[in-house]
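Asks: I'll drop the sequence and a predicted model, then ask my questions.
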Amino acid sequence: MQKELVTPPRRKQKKQSSGSATHSTILRLIAAFKLFKGLVLFAVGIGLVRLLHKNLAVEVERWADLFRVDPNNVHIHRILERLSIMNGRKLREYSVGTFFYSALLLTEGTGLMLRKHWAEYFTTIMTGSFIPLEVYELTRRVTVPKVVVLVLNVAIVVYLVVGLSRNRASS
């Protein structure tokens with residue numbers, strides 16, 4: 001007599017709705033944006049630490065030569081002017097602030113990439129809390145990158161708030 005093979009019953013898998021797939025894709029895009037900003041700030045922080053015990057004006061002139069920028073360039077003179085008031089203490093403060101903000105962004109991005117629910121709340125709160133600073137910076141000087149970052153951050157906060165309120169309503 002042959003033994004019949006008994007197969008265990010299959011679990012029903014949840015079908016991922018197109019709305020859920022879209023939500024997942026948008027969360028991954030937000031995560032990638034946050035991770036990118038975090039990595040850029042991390043690199044800036046490292047650059048600031050490397051400049052701690054150097055003459056900043058000499059370094060900027062060296063970079064201008066390296067990239068073949070005209071030494072009489074108005075932008076180079078502005079940078080040199082701003083760096084002339086920098087000292088070791090200020091550089092340390094900027095590097096600590098840069099590393100701290102980088103850590104926040106990397107935490108947000110990693111949490112969102114791993115689809116952690118807490119990361120949506122964390123990202124909403126952190127991103128929303130920096131919007132007033134971004135608006136203030138725009139009042140001082142309007143630039144295209146500042147406007148783009150502000151618009152993206154407002155869109156992220158609105159999207160996450162709407163998504164979180166939908167999740168709460170469906171629970």
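Replies: Received, thanks. Residues are numbered from 1 along each chain as shown.

Asks: state the distance from L51 to L106.
Replies: Here L51 is placed at a distance of 22 Å from L106 (CB to CB, to the nearest Å). (Glycine included, C-beta is placed from N, CA and C.)

Asks: again, but for T25
Replies: For T25, the distance to L106 - CB to CB - is 21 Å.

Asks: tell me which of the two has more neighbours.
Replies: L106 (17 against 10; other CB atoms under 10 Å).

Asks: pLDDT wise, what is the nearest residue to that one once chain neighbours are set aside at?
Replies: Among residues not flanking L106 along the chain, G38 sits closest, at 3.8 Å (CB to CB, 6 or more residues apart in numbering). pLDDT recorded at G38 is 96.

Asks: same check, this time on the one 4 residues further on
Replies: Reading off the confidence values, F42 has pLDDT 96.

Asks: that one against G109, yeah?
Replies: No - contact between F42 and G109 fails when scored by CB atoms under 8 Å: they sit 11.6 Å apart.

Asks: can I see the domain layout of the chain?
Replies: Domain assignment for the chain by automatic domain parsing gives 25-114, 116-171.

Asks: lowest average pLDDT across the ones you listed?
Replies: Mean pLDDT, when computed for each of the domains of the chain, is lowest for domain 25-114, at a mean of 85.

Asks: what's the span of that domain, first residue to last?
Replies: This stretch, domain 25-114, spans 12 Å end to end (CA to CA, to the nearest Å).

Asks: pull out the buried residues from the helix or strand containing V96.
Replies: For V96, the host element (DSSP states H and E) is helix 88-113. Buried residues in helix 88-113, counted by 16 or more other CB atoms under 10 Å: 91, 94-95, 98-99, 101-102, 104-109, 111-113.

Asks: with stretch 32-48 instead?
Replies: F33, K34, L35, K37, G38, L41, F42, V44, G45, L48.

Asks: next one: the lengthiest helix in the chain to chain centre, how far?
Replies: The longest helix of the chain (DSSP state H) is helix 18-50. How far helix 18-50 lies from its chain's middle: 5 Å, per CA atoms, centre = their mean, to the nearest Å.

Asks: quick one: it to helix 88-113, angle?
Replies: Orientation check (axes from the mean of the first three to the mean of the last three CA atoms, to 10 degrees): helix 18-50 against helix 88-113 gives 160 degrees.
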